[in-house]
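Trainee: sequence and predicted model, in that order:
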Amino acid sequence: MRRILELVRKELIQTFRDKRMVGLIFVAPVIQLIMLGYAVTTDVKHIALGVWDNDRSFESREFVRKAVISGYFDDAGVVVNDAGMEHAFKSGRCDLVLYFPPDYSRNIKRGEKAKLEIIADGSDSNLTNIAFSYMAQIANIENARLMKENVSKMKAARGGNIMIPQVSPEPRVMYNPEMKSANYMIPGEIGLILTLITILLTSMSITKEKESGTIEQIIVSPLRSYEVILGKTIPFALIGMMIVLLIITGGLLVFNIAIKGNIFTLLFSSFLFLLNTLGVGLFISTISKTQQQAMLSSVIFILPSIMISGFAFPVSNMPIEVQWISYLLPLRYFFTIIRGIFLKGAGFAILWPEMLALFILGVTVFILAALRFRKKLS
């Protein structure tokens, strides 16, 4: 037992001797706990609501007002036609569109059934189902108000024939009409798997050279620093692209999920995303002395990236401070791109802002990692 205790003492001393490991073990979990505690929520609010109002009446404006003040919906602006609605969905500006036909208010005044369409994006089946439920509640409240108002009129008319109008919402799904969650999750898994594999492999590749002592051989070799960087990252970039093709094939054969957009746009976007993950992995390798440090640092970066970038929880539901942080995460933009290409057939004309953000972030992190790596080599 004494020998075991001495070995335990030795391991604890060796672990806490490295100040970086102390920070990774104790400080990072606290930061993640606070961030994820605020960010991760299953509540669905702030659903982006577009309005296509062909009635332009007090009744239609009042229904929209009640939807917004319910706290579940945010006014995302006006949609004027089919093309505008499709662009709003593909660009992610709207999650839901309320369509009021020209006879909406006239039917209410006549005491007839007033139909309105609730048109949903549908790519996120969970959000769509909840949004339909919220709209049904608002319609029920409106119908209760109309009932109460017309019963009063009946009493005033002393039994006269008064028709009671009714708001009748009709749901329609634009994309993912079968409301299959796999259609939403599997495209996102491309970004998830790429992040895990490429960051871990890249970060541990260079630290492995440090631990084995072969980094000195690379330093004294004729290779220049950028050649070392390319030689270390290109293999994992090729692996990443093979993973993308593998998941696309698996999604088509196993889950019958076809790409509605251009596959070359998808591959180009994947390359931009790999520029980010390889840069992050390279940067982690420059600040880590051991593979253990590299693995812990990678996990600390990967976990918040997955949680607050929109993989499973809508970013719009998170606190505004967390939303600002998510703008620095490549996964946020890649999820928008890949789901837009898979489910909506969106192309470069729609997704270029996200692609530009990926390019800027990727070049920035890769340059910082390369500069630090060059400094380490020197």
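Mentor: Looks like it came in fine. Remember, it's a predicted structure, so these values are computed and weren't measured experimentally. Numbers count the residues shown, from 1 in each chain.
Trainee: okay, CA-based contacts and neighbour counts for the rest of this
Mentor: OK.
Trainee: so what's M85 up against?
Mentor: V79, V97 (C-alpha atoms under 8 Å, 6 or more residues apart in numbering).
Trainee: contacting residues around the nearest residue to P101 once chain neighbours are set aside?
Mentor: Of all residues not flanking P101 in the chain, N54 sits nearest, at 5.4 Å (C-alpha to C-alpha, 6 or more residues apart in numbering). By C-alpha under 8 Å, 6+ apart, N54 lies in contact with Y99, F100, P101, P102.
Trainee: so how do I select the buried members of these in PyMOL?
Mentor: Restricted to buried positions by 16 or more other C-alpha atoms under 10 Å, the PyMOL selection for the contacts of N54 reads:
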select buried, resi 99+100+101
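Trainee: which of the contacts of N54 sits closest to E321?
Mentor: Y99 (33.2 Å; C-alpha to C-alpha).
Trainee: got TSV for the contacts of N54, with pLDDT and secondary structure too?
Mentor: Output for the contacts of N54, formatted as TSV (pLDDT from 0 to 100; DSSP: H, G, I helix; E, B strand; the rest coil):
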residue	pLDDT	secondary structure
Y99	93	strand
F100	93	strand
P101	92	coil
P102	92	coil
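Trainee: what is the nearest of the contacts of N54 to L343?
Mentor: Nearest to L343 among the contacts of N54 is Y99, at 22.3 Å by C-alpha to C-alpha.
Trainee: ok, that closest one touching R56?
Mentor: No - using C-alpha atoms under 8 Å, Y99 is not in contact with R56; the gap is 11.0 Å.
Trainee: for the residue at minimal distance from the centre of the chain, which non-adjacent residue is closest in space?
Mentor: Central residue of the chain (C-alpha atoms, centre = their mean): G310, 2.4 Å from the mean position. In space, and not counting its chain neighbours, G310 is closest to R332: 6.2 Å by C-alpha to C-alpha, 6+ apart.
Trainee: now the nearest residue to G240 once chain neighbours are set aside, what's its secondary structure?
Mentor: Using C-alpha to C-alpha, 6+ apart and skipping residues adjacent in sequence, the residue nearest G240 is L194, 6.0 Å away. Assigned state for L194: helix (three-state reduction, DSSP: H, G, I helix; E, B strand; the rest coil).
Trainee: what's the answer for M241, then?
Mentor: Using three-state DSSP, the structure places M241 in helix.
Trainee: which ones are touching it?
Mentor: Counting by C-alpha under 8 Å, 6+ apart, M241 touches L267, S270, F271.
Trainee: do the same with F335
Mentor: Each residue near F335 by C-alpha under 8 Å, 6+ apart is listed here: P187, G188, G191, S309, G310, F311.
Trainee: of those residues, which belong to helices?
Mentor: Secondary structure assignment by DSSP state H places P187, G188, G191 of these in helices.
Trainee: how far away is the second one from L245?
Mentor: Looking back up the chat, that one is G188. The gap separating G188 from L245 is 14 Å, by C-alpha to C-alpha, to the nearest Å.
Trainee: who's more crowded, the two?
Mentor: Applying other C-alpha atoms under 10 Å to G188 and L245 shows that G188 carries more neighbours, namely 22 against 14.
Trainee: my guess is the more buried one contacts G340, does it?
Mentor: No - G188 lies out of contact with G340 (C-alpha under 8 Å); the separation is 10.6 Å.
Trainee: mind listing the helices for the stretch 251-378 of the chain?
Mentor: Remark: helices assigned in the stretch 251-378 of the chain by DSSP state H, counting those that start in this stretch are 263-287, 291-307, 320-326, 330-339, 348-377.
Trainee: among those, which is nearest S123?
Mentor: Of those, nearest to S123 by C-alpha to C-alpha is helix 330-339, at 7.8 Å.
Trainee: can you count the residues close to E149?
Mentor: By the measure other C-alpha under 10 Å, the count of residues near E149 is 12.
Trainee: what's near enough to touch the residue lying closest to G345 once chain neighbours are set aside?
Mentor: Using C-alpha to C-alpha, 6+ apart and skipping the chain neighbours, the partner closest in space to G345 is G261 (3.7 Å). Residues near G261 by C-alpha under 8 Å, 6+ apart: G340, I341, F342, L343, K344, G345, A346, G347.
Trainee: and of those residues, the nearest to H87?
Mentor: Checking the contacts of G261 one by one against H87 (C-alpha to C-alpha), the nearest turns out to be A346, at 9.0 Å.
Trainee: before we move on, the earlier item: neighbours around the residue nearest to G310, how many?
Mentor: Neighbour count for R332, taken as other C-alpha under 10 Å: 22.
Trainee: that one and A312 touch, don't they?
Mentor: No - contact criterion C-alpha under 8 Å: R332 and A312 do not qualify, at 11.3 Å.
Trainee: on the three-state scheme, G77 is what?
Mentor: Per three-state DSSP, the secondary structure class of G77 is strand.
Trainee: identify each buried residue in stretch 233-250, please.
Mentor: Buried residues in stretch 233-250, counted by 16+ other C-alpha under 10 Å: T233, F236, A237, G240, M241, I243, V244, I247, I248.
Trainee: could the residues you listed be laid out in JSON lines, adding distance to L200 and pLDDT?
Mentor: Listed next are the buried residues of stretch 233-250 as JSON lines, based on distance: C-alpha to C-alpha, whole Å; pLDDT from 0 to 100:
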{"residue": "T233", "distance to L200": "12", "pLDDT": "82"}
{"residue": "F236", "distance to L200": "10", "pLDDT": "85"}
{"residue": "A237", "distance to L200": "13", "pLDDT": "87"}
{"residue": "G240", "distance to L200": "12", "pLDDT": "88"}
{"residue": "M241", "distance to L200": "16", "pLDDT": "90"}
{"residue": "I243", "distance to L200": "15", "pLDDT": "88"}
{"residue": "V244", "distance to L200": "17", "pLDDT": "89"}
{"residue": "I247", "distance to L200": "19", "pLDDT": "87"}
{"residue": "I248", "distance to L200": "22", "pLDDT": "88"}
